[in-house]
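> Build me a model:
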Amino acid sequence: GGSSEALIARVGANAFTILALDSGDEKEVEKIAHRLLQTVSATLSVAGRDLNLSASVGIALFPRDATDPEGLTRCAEQAAYAAKAAGRARYRFFAEEINAQASARLARESELRNAISNGELRLHYQPKIDTSSGRYVGAEALVRWQHPGRGLVAPGEFIPLAEETGLILALSDWVLEQACADLRNRENAGLPAIPVAVNLASTSFSHEGLPAQLASLLLRHGLRAEYLTLELTESLLMEDMDAAVSRLTELRDLGFSVSLDDFGTG
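Residues are numbered from 1 along each chain as shown. Below is the predicted model:
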């Protein structure tokens, strides 16, 4: 309200906490959240380009949801996750069911973190066949999770979780390492070499250490770049065209093939 005081603090790369004092009831807080979202969504002009931002707002109320700063922050964060899951540019209040969902999410995150480090991930290979000759011309590496209790888990169940929690970089590193090791084992067994396609997550593609990482993989496993195809999604390339073109040039100079996955869906 007009008489309420507020403090704002930046608590992460793209996260802020706002403490609104004497802000009244839920209706008044909703007005504050709505004004915040409107302000954030205003068009910004940077270097001659128009940019539009969005935010997700999580709201915790004192003393209903928690009575100390740590508890209020935790509840607001969980509500923000719910707002983000519901779609961009939304706000959500904390509720007990959000707390239960957050606890379950933390448990799944811990399970996935352990899966990456404890050898529970598997690579399955989907063959690529030349229909005119029937010859195998390549394969696509597909990651699966061999859960000790739930059996084989499809990527649709854990890739989104990996992306939300930041585990996607470690997961992608594992996939690249395992694919290269399998290529080396195939050659050691006297089998003909065929290109293997590996999906690159957005985090991996944009990471500044990717070219050096790939060069190191090839050297350690004694492989040629032509046998590792890097698959990217159209939407990934559209995020930042200038940076994408620069990175694609680096990968091309190293000798890698790049293919576009999910073309037209972005």
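> wait, Arg122 sits on Gln146?
Yes. In this structure, Arg122 is within contact of Gln146 by C-beta atoms under 8 Å, at 5.3 Å. Quick note: C-beta positions are derived from backbone N, CA and C, even for glycine.
> Return every residue with contacts to both of these two.
The contact sets of Arg122 and Gln146 overlap at Leu152 (C-beta atoms under 8 Å, 6 or more residues apart in numbering).
> ok, the residue found closest to Leu21 once you drop the neighbours it is linked to in the chain - contacts?
Ranked by C-beta to C-beta, 6 or more residues apart in numbering and with sequence neighbours excluded, the top spatial neighbour of Leu21 is Glu5, at 4.5 Å. The neighbours of Glu5, taking C-beta under 8 Å, 6+ apart as the test, are Ala20, Leu21, Asp22.
> Okay, buried residues for the longest strand anywhere in the chain please.
Under DSSP state E, the strand in the chain containing the largest number of residues is strand 136-147. If you call a residue buried by 16 or more other C-beta atoms under 10 Å, then strand 136-147 has these buried ones: Gly138, Ala139, Glu140, Ala141, Leu142, Val143, Trp145.
> Need the CA coordinates for that strand. PDB is fine.
Extracted in PDB, the C-alpha atoms of strand 136-147 (Å, rounded to 0.1, in the frame of the first residue of the first chain):
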ATOM      1  CA  TYR A 136      23.800 -48.900 -40.800                       C
ATOM      2  CA  VAL A 137      25.100 -45.400 -41.300                       C
ATOM      3  CA  GLY A 138      25.000 -44.100 -37.700                       C
ATOM      4  CA  ALA A 139      23.300 -44.200 -34.400                       C
ATOM      5  CA  GLU A 140      21.800 -41.800 -31.800                       C
ATOM      6  CA  ALA A 141      22.800 -42.100 -28.200                       C
ATOM      7  CA  LEU A 142      19.800 -42.000 -25.900                       C
ATOM      8  CA  VAL A 143      20.200 -41.700 -22.100                       C
ATOM      9  CA  ARG A 144      18.100 -43.800 -19.700                       C
ATOM     10  CA  TRP A 145      18.100 -44.100 -16.000                       C
ATOM     11  CA  GLN A 146      18.300 -47.600 -14.500                       C
ATOM     12  CA  HIS A 147      16.600 -46.800 -11.200                       C
END
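> Distance of Glu239 relative to Ser206?
Glu239 sits 8 Å away from Ser206, taking C-beta to C-beta, to the nearest Å as the criterion.
> Show me which residues of stretch 26-46 are buried.
Using 16+ other C-beta under 10 Å as the burial criterion, the residues of stretch 26-46 that qualify are Val29, Ile32, Ala33, Leu37.
> Only the buried residues of whatever helix or strand comes next after the longest strand of the chain, if you could.
Moving toward the C-terminus from strand 136-147, the next helix or strand (DSSP states H and E) is strand 151-153. Of the residues in strand 151-153, those with enough neighbours to count as buried (16+ other C-beta under 10 Å) are Val153.
> Against which helices or strands is strand 151-153 packed?
On a contact count with 3 or more C-beta pairs under 8 Å, 6 or more residues apart in numbering; DSSP states H and E, strand 151-153 meets strand 136-147.
> which other helices and strands contact the strand it packs on?
Packed against strand 136-147 by the contact rule (3+ C-beta pairs under 8 Å, 6+ apart) you find helix 96-117, strand 121-129, strand 151-153, helix 155-165, helix 168-188, strand 196-199.
> which of these is buried the deepest?
The highest mean neighbour count among these, using mean count of other C-beta atoms under 10 Å, belongs to strand 196-199: a mean of 21.
> What helices and strands are in contact with it?
strand 136-147, helix 168-188, strand 228-233.
> Can you add mean pLDDT and give the ones you listed back as TSV?
Written out in TSV, the entries for these read as follows (pLDDT from 0 to 100):
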stretch	mean pLDDT
strand 136-147	93
helix 168-188	95
strand 228-233	89
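> In CSV: the ones you listed, plus distance to Leu51.
What follows is the helices and strands packed on strand 196-199, written out as CSV (distance: least, C-beta to C-beta, whole Å):
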stretch, distance to Leu51
strand 136-147, 34
helix 168-188, 25
strand 228-233, 22
